[in-house]
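[1] Quick check, what structure comes out for this input:
(2 chains)
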Amino acid sequence: MTTALSIKDLRKVYNNGFEALKGISFEVQEGDFFALLGPNGAGKSTTLGIVSSLVNKSSGQVEVFGYNLDTDASKAKCELGVVPQEFNFNMFEKVEDILITQAGYYGIPASEAKKRSEFYLRKLGLWDKRDGPSRSLSGGMKRRLMIARALMHEPRLLILDEPTAGVDIELRRSMWEFLREINAKGTTIILTTHYLEEAESLCRHIGIIDQGTIITNTSMRELLQQLNTETFILDISPAQTECPPLDGYQATLQGDHTLLVDVEKSQGLNQVFAQLSAQGVEVTSMRNKSNRLEELFVSLVDKTLGDNKKGGSDDE
Amino acid sequence: MSNRELFIAFWTILVKEIRRFTRIWAQTLLPPAITMTLYFIIFGNLIGSRIGQMGGFNYMEFIVPGLIMMSVITNSYGNVVSSFYSTKFQRHIEELLVSPPPNWIILAGYIIGGSVRGLLVGLIVTLLSLFFTDLYIHNFWVIVSVVFLTAILFSLGGFINAVFANSFDHISIIPTFVLTPLTYLGGVFYSITLLPEFWQHVSQINPILYMVNTFRYGILGVSDINIGVAYAMIIGVIVVLFSYSMYLLNTGKGIRQ
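    All right, here's what the predicted structure looks like:
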């Protein structure tokens, strides 16, 4: 399998002395949908900034589909499309001109660029806005414009830095569908997001970065298997005054119609339903207490923070 | 990228630049036309008629080449400094940084874009001058070459200014405190032979003097300085500014973190 992105021992020290990346290494395979997660200031945007040639690295190596960013920058950049976190297009230019200009930077003739811009503007619901200045677009439309712009040269690797930040839920879901569609057609996607539900829903592999270090790099399935206990919220009927006893499970009654049940990985839910049914309690609906990935993410990042604090006190 | 793709990338930047200054023509093309018309009326007609001869020509004939050059200088510089700084400020420089064109293509696009505005304004001012005086052509190729080289030189200057600028104040400091005084003292309105010998020598370190006089030579056939020295100086400065601009782009100064 071809490696879409290879990062080796990447370091970045900013001019103020802040070490944003402490020698990270990871790979993303062709066709993958990869989530790069981490708390604010962890080094995600610095990593993607270096890959996108927007940030100078201090040392290390980056390759895009085998093209080294130092020695073969032009070819590497042709394989890469970038959707940044902040709006970074000319607010005074027409929507369509932004796309055609971007295609021109990649050496695509205007006639071909016009065809592609029509395709992506229609696909992303911006066709009616093509003649207006980009500043007149809504926030969600501006995000879609940046996705269209990044796809104009049909890159094999697409990087999206928090593409759905500030986007309403309906639009977010339609963007997910679009990203799934282009991934299914072969485009490798790397995504950063603070919506862990988004990462869990879309991505097959995940890297978690914290304080400039990769703390986890694995498949989503394997990562979620690390979660030992999940809490389920059961809406029950009829109303209860005391928590119904559930042998082998930790349960808490919240209000008179809601039951919180902790279920370990080795346990099933059938026993919960059977025991409640035997007591004449019906489960009317059920959901996870919180996003599974969110629980893991918090525990992994907290663990790193704890380790670092411990290391700090040892030094003293 | 193939040569054809490189050309398309260059052409895209150039067209974008031309589209920008023509879209805001009331800020870019109209003001110099009005300002220079006022210069022609006030300095050329009203005051000039009382000054008499300058360098063997009437005053209006003498100042027209200088005023054309002045407009080329300020507009070439002003176009690139404001366009490239805006590109940085609005962050759409990132569109170029993530794209494959080499830095020399990016620089060439901006520099030729700035030069086109400088030359277009120069042409507008030239056409306006015809309402006030006859225009001679002593040496066509000197006129064309020096005006083109001057536009390139000041476009490069504007580019370097924009790279270092961190605020809109920074893009007006050099034009206001360096470019304008050098232009006014660069022989636009007078022949340096009128100055005491000491100030004639001081004037000769002003690069704009060389450009204005070479252009005036192309039109009127008179110059305060040696034309060969002027060309060597202009080309030398272009090479230095181009090399420095490339160094700034390659290191990412002011545009990459």
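[2] Could you count how many residues lie near A:Arg239?
    Not Arg; residue A:239 is Ala. Neighbour count for A:Ala239, taken as other Cβ atoms under 10 Å in any protein chain shown: 8. Yep, even glycine has a C-beta here, placed from its N, CA and C like the rest.
[3] meant to ask about B:Val142
    The number of residues packed near B:Val142 is 21, by other Cβ under 10 Å.
[4] likewise the one 3 residues further on?
    In terms of burial, B:Ser145 registers 16 neighbours under the definition other Cβ under 10 Å.
[5] for A:Ser52, same thing?
    22.
[6] Mind pulling up the pLDDT for it?
    Per-residue confidence at A:Ser52 stands at 92 (pLDDT).
[7] State the distance from it to chain B.
    In this view, A:Ser52 and chain B are 5 Å apart by Cβ to the nearest Cβ, to the nearest Å.
[8] And what about whatever residue of chain A ends up closest to chain B, helix, strand or coil?
    Chain B sits closest to A:Gly107 of chain A, with a gap of 2.4 Å, by Cβ to the nearest Cβ. When classified by DSSP: H, G, I helix; E, B strand; the rest coil, A:Gly107 comes out as coil.
[9] how about the closest residue in space to A:Ser201 that isn't next to it in sequence, what does it touch?
    Spatial nearest neighbour of A:Ser201, excluding adjacent residues (Cβ to Cβ, 6 or more residues apart in numbering or on different chains): A:Trp176 at 6.6 Å. A:Trp176 sits next to A:Thr164, A:Glu198, A:Ser201, A:Leu202 when contact means Cβ atoms under 8 Å, 6 or more residues apart in numbering or on different chains.
[10] tell me the SS of A:Trp176?
    Classified using three-state DSSP, A:Trp176 is helix.
[11] Give me the pLDDT value at it.
    87.
[12] One more: the one 10 residues further on?
    Looking at A:Gly186, its pLDDT is 91.
[13] go on, B:Val64?
    According to the model, B:Val64 scores 90 on pLDDT.
[14] same question, the one 4 residues further on
    What the model reports for B:Ile68 is a pLDDT of 93.
[15] Can you list the buried residues in stretch A:97-106?
    A:Asp97, A:Ile98, A:Leu99, A:Ile100, A:Thr101, A:Gln102, A:Ala103, A:Gly104, A:Tyr105, A:Tyr106 (16 or more other Cβ atoms under 10 Å in any protein chain shown).
[16] quick one, what contacts the last one?
    By Cβ under 8 Å, 6+ apart, A:Tyr106 lies in contact with A:Cys78, A:Met152, A:His153, B:Glu5, B:Ala9, B:Ser99, B:Pro100.
[17] before we move on, back to that, now, which of the buried residues of stretch A:97-106 lie within helices?
    Residues of those located in helices (DSSP state H): A:Asp97, A:Ile98, A:Leu99, A:Ile100, A:Thr101, A:Gln102, A:Ala103, A:Gly104, A:Tyr105.
[18] filter those residues by proximity to chain B?
    Residues of those in contact with chain B (Cβ under 8 Å from any Cβ of the partner chain): A:Asp97, A:Thr101, A:Gln102, A:Gly104, A:Tyr105.
[19] okay if I get the residues you listed as a markdown table plus pLDDT?
    Formatted as a markdown table, these follow (pLDDT from 0 to 100):
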| residue | pLDDT |
| --- | --- |
| A:Asp97 | 94 |
| A:Thr101 | 94 |
| A:Gln102 | 94 |
| A:Gly104 | 95 |
| A:Tyr105 | 95 |
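[20] what domains does the record give for chain A?
    Domain segmentation of chain A under automatic domain parsing yields A:3-224, A:228-292.
[21] contact partners of stretch A:160-174?
    A:44-45, A:48, A:82-85, A:139-140, A:143, A:146-147, A:150, A:175-176, A:179, A:189-195, A:198.
[22] Point to the residue nearest the middle of chain B.
    B:Ile73 (2.2 Å; Cα atoms, centre = their mean).
[23] what helix or strand does that residue sit in?
    Applying DSSP states H and E as the criterion places B:Ile73 in helix B:59-89.
[24] So which of the domains of chain A is the most surrounded?
    Greatest average neighbour count among the domains of chain A goes to domain A:3-224 (a mean of 19), per mean count of other Cβ atoms under 10 Å in any protein chain shown.
[25] residues in contact with the residue lying closest to B:Ile47 once chain neighbours are set aside?
    With sequence-adjacent residues excluded and distances taken as Cβ to Cβ, 6+ apart, B:Ile47 is closest to B:Tyr59, at 7.8 Å. Neighbour list for B:Tyr59: B:Phe43, B:Gly44, B:Ile47, B:Gly48, B:Ser49, B:Ile51, B:Gly52, B:Gln53 [criterion: Cβ under 8 Å, 6+ apart].
[26] By neighbours, which of those wins?
    Top of the contacts of B:Tyr59 by neighbour number is B:Gly44, holding 25 neighbours under the definition other Cβ under 10 Å.
[27] Please consider this matter closed, and thank you.
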